[in-house]
Structure formats: structure tokens, C-alpha cells
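Asker: Whatever this is, show me its structure:
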Amino acid sequence: MSDNNKDSVTITDVTLREYGQNVPSTGLNLFTPEIRIEIALKLIDAGFTNIEILSCIHPRLAPAMNEKALKKISAGLGRVDGVNLITLVPNRSGYRNFLDMNLGRDGCNHTIGFFFSAVEAHNLANLGRPIKETIDEYKKIAIDAAAKNIRLVSYVSAAFGYFDTKNAVLIEADMEDVNSYINLLLDLGAQTVTLSDLQGVANQKKTGRVFEAILKRKKGKDINKIGYHPHNISGESAIANSKTAYNMGIRRFDASLGGTGGCVTGAPGNQPTEMLVRFFHESGIETGLDEKKVFSLADMIDKELFRKIPLPQTG
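Answerer: Below you'll find the model as predicted:
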């Protein structure tokens, strides 16, 4: 960021966590703790300071997130100064696992990621309980985490709507609710709140409408803490939506190498990290990332993992 005239953005890479949650048990011989440590180190070498790396969810849902693998990865990486290694925590049980694996401030110094949905139907499908119950539990976890000086980031899924496949209906998120969730999470100590288009249901116009509605309610406050996480089958469409978000004032974006990942409830993949980096650089916007290293890593992962590990089809 040597050019002070350049605007800048922050990109969080989510490859290891989101792709990892979709890798079946038959692919664990390739998606090993060792390769995940190597990828994390290469991401850091490319300049990433925010990386979603682990998730304390049940290995029945995500075999790659079994406790043995998570311990080996966290121990192999250790503490990394200046980098937020983010581990998602869905509930109190996940938080206990987070602490037991020594991921807190006095150990590997990971950042906790809270997440829940803006749409009740999706929260029930993804977390198995109502939004209120999820929030009530997160409040208790946040108090304990703050006492232990553990960093916190957060995510609001389906902020752009949720398509209920069972009833074939698109359920819109209430913008007043989304705004209240943002305020709540920031009050709980979250450094950032990322809004997710869970299923890629928004085009550029709708993406603009949602961010306009939220930013209007924020009245210029905390805009730098709001991020965007688009899922989309088309990387080009996701990038176009990110361009809209950027034009609205958003400066934090999630992406995955090769655009892989998604949600275990059936979300499509992400915007490709390498494409997003190139888009910003070609637009004269600084990312702090080495574009050549990002593309090289994306190519390596494509050949060594994506093509060799067929992911289960979700819908």
C-alpha cells in the first residue's frame, strides 16, 4: 500500500474452511492436515492477514474438521503474529472444543467466528434451532471470550434472502432485523460483521438494494466493519456483485481460491480469490496481496485437490 492515492480493500480467504467443510471422508487422504498447513503458510506468504482456517462443527457434517486434524493443524501453524486465523464456533460445544484445543489468546491466538442466519428457516436448517436461541448462546460465549481476550468476528447468513427448496419459495431477510443483528454483534465485541448471500440469490441490482438499505440505517457509522461474502455458481457474477458492494462503500470481502466452497446446506461456491484480486488490482485498488503468488496457489490447489476430490452434490 505504498501509493497513498490508492483506495484499499481487505480480502479474507475462506478456502481452507469452506472447501474443507465439503470434503468427504474419502478425500481426507489428499486433504491432509499437512497440505492444509502448507496452504495456510502460502496464503500468509502471499499477504493474507485474515484466513478462515478451521470450524468447530461436528465431523459428521464435515469429516475434515475432526478434532485430531484440527489439533494437528493448529499445532503445526502455532501462533502467527499479525494474522487473524479464524475458527468458526457454532455453539457452546464448539466453543468448549475451541478452548480445549488451546486456540485461545494464550495458545494459538485464533479469532472466533460467530455465525447465524437472518432468516429463521435457514437458521433452523443450518444450526438446528431458532435465531433467538442461537443469539442467546452467543451472548454468553462472547462474555467469556472477552474475559479471555479472544478476538471475535461475525457473519450474518442469508442477508440477501434464502430460497426454501422444500416449499419452493424465496424468503426475504428483513432489513430492520439485519441491522439489529449487526448492532448486536458489534456490541458483543465483533471486530467485523460480514453479510452473506448464502445461495447467490442476489444480482447486482439486489446486492445494491440490500447494502443501500443497511448503510442508510447505519448513517455512515461502522461501515468499515461490514463485509461481503457472496456465494455464486458463477465467479464472474460474484465479482460483479462485489463491484457493486465496493461502489456502495464496502471494503471487506470474502473469497476462496478457485471459487470452491459453499455451505453444507446446499449453497453454491464462492467468488474466486484470484479473480477478485485481479479485478481490484486492475481497478487501481490495493489489496496488499501478491497477485502472482495467489494465482500460483490457486493453480496448485486446482490440480492437487479440486480435480482429485469430487465434492458431494448438495441442493
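Asker: Quick check: end-to-end length of stretch 246-258?
Answerer: One end of stretch 246-258 to the other measures 21 Å (Cα to Cα, to the nearest Å).
Asker: quick one: buried residues of it?
Answerer: Residues 246, 248, 250-258 are the ones in stretch 246-258 that count as buried (16 or more other Cβ atoms under 10 Å). C-betas here are computed from N, CA, C, even on glycine.
Asker: Could you do stretch 100-118 as well?
Answerer: Buried residues in stretch 100-118, counted by 16+ other Cβ under 10 Å: 101, 103-104, 108-118.
Asker: Please apply the same query to stretch 157-174.
Answerer: 157-163, 171, 173.
Asker: Please apply the same query to stretch 43-51.
Answerer: By 16+ other Cβ under 10 Å, the buried positions in stretch 43-51 come out as 43-44, 46, 48-51.
Asker: Out of the buried residues of stretch 246-258, flag the one nearest to R60.
Answerer: When the buried residues of stretch 246-258 are compared for distance to R60 (Cβ to Cβ), S256 wins out at 22.9 Å.
Asker: who's in contact with that closest one?
Answerer: By Cβ atoms under 8 Å, 6 or more residues apart in numbering, the contact set of S256 is 13-15, 18-19, 269-273.
Asker: With A75 instead?
Answerer: Contacts of A75 by Cβ under 8 Å, 6+ apart are C108.
Asker: Now do the buried residues in the helix or strand hosting it.
Answerer: Under the criterion of DSSP states H and E, A75 resides in helix 67-77. Neighbour-count burial for helix 67-77, counted by 16+ other Cβ under 10 Å, picks out 69-74, 77.
Asker: ok, now stretch 301-315?
Answerer: Under the neighbour-count criterion of 16+ other Cβ under 10 Å, stretch 301-315 has 301, 305-306, 309 buried.
Asker: mind putting those in JSON lines, distance to I143 included?
Answerer: Output for the buried residues of stretch 301-315, formatted as JSON lines (distance: Cβ to Cβ, whole Å):
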{"residue": "I301", "distance to I143": "38"}
{"residue": "L305", "distance to I143": "39"}
{"residue": "F306", "distance to I143": "40"}
{"residue": "I309", "distance to I143": "40"}
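Asker: Tell me which two in those residues are the farthest apart.
Answerer: I301 and I309 (10.4 Å).
Asker: Do you have the strands of the stretch 151-300 of the chain handy? List them.
Answerer: Along the stretch 151-300 of the chain, counting by DSSP state E, counting those that start in this stretch, strands occupy 152-157, 162-164, 169-171, 193-197, 226-230, 252-255.
Asker: okay if I get these as a markdown table plus distance to A64 and mean pLDDT?
Answerer: As requested, the strands of the stretch 151-300 of the chain are exported to a markdown table (distance: least, Cβ to Cβ, whole Å; pLDDT from 0 to 100):
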| stretch | distance to A64 | mean pLDDT |
| --- | --- | --- |
| strand 152-157 | 20 | 98 |
| strand 162-164 | 25 | 91 |
| strand 169-171 | 30 | 95 |
| strand 193-197 | 21 | 97 |
| strand 226-230 | 20 | 97 |
| strand 252-255 | 19 | 98 |
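Asker: Quick one: closest of the ones you listed to D7.
Answerer: strand 252-255 (12.9 Å).
Asker: The closest one pairs with which strands, and in what direction?
Answerer: Here strand 252-255 is paired, per DSSP bridges, with strand 10-13 (parallel), strand 226-230 (parallel).
Asker: Which one of the buried residues of stretch 301-315 is nearest to G262?
Answerer: Closest to G262, out of all of the buried residues of stretch 301-315 and judged by Cβ to Cβ, is F306, at 12.9 Å.
Asker: Give me the distance between the closest one and T12.
Answerer: 20 Å (Cβ to Cβ, to the nearest Å).
Asker: ok, back up a step: check the buried residues of stretch 246-258 against S8 and report the nearest one.
Answerer: Closest to S8, out of all of those and judged by Cβ to Cβ, is R251, at 7.3 Å.
Asker: who's in contact with the closest one?
Answerer: Listed by Cβ under 8 Å, 6+ apart, the contact set of R251 reads 7-10, 223-224.
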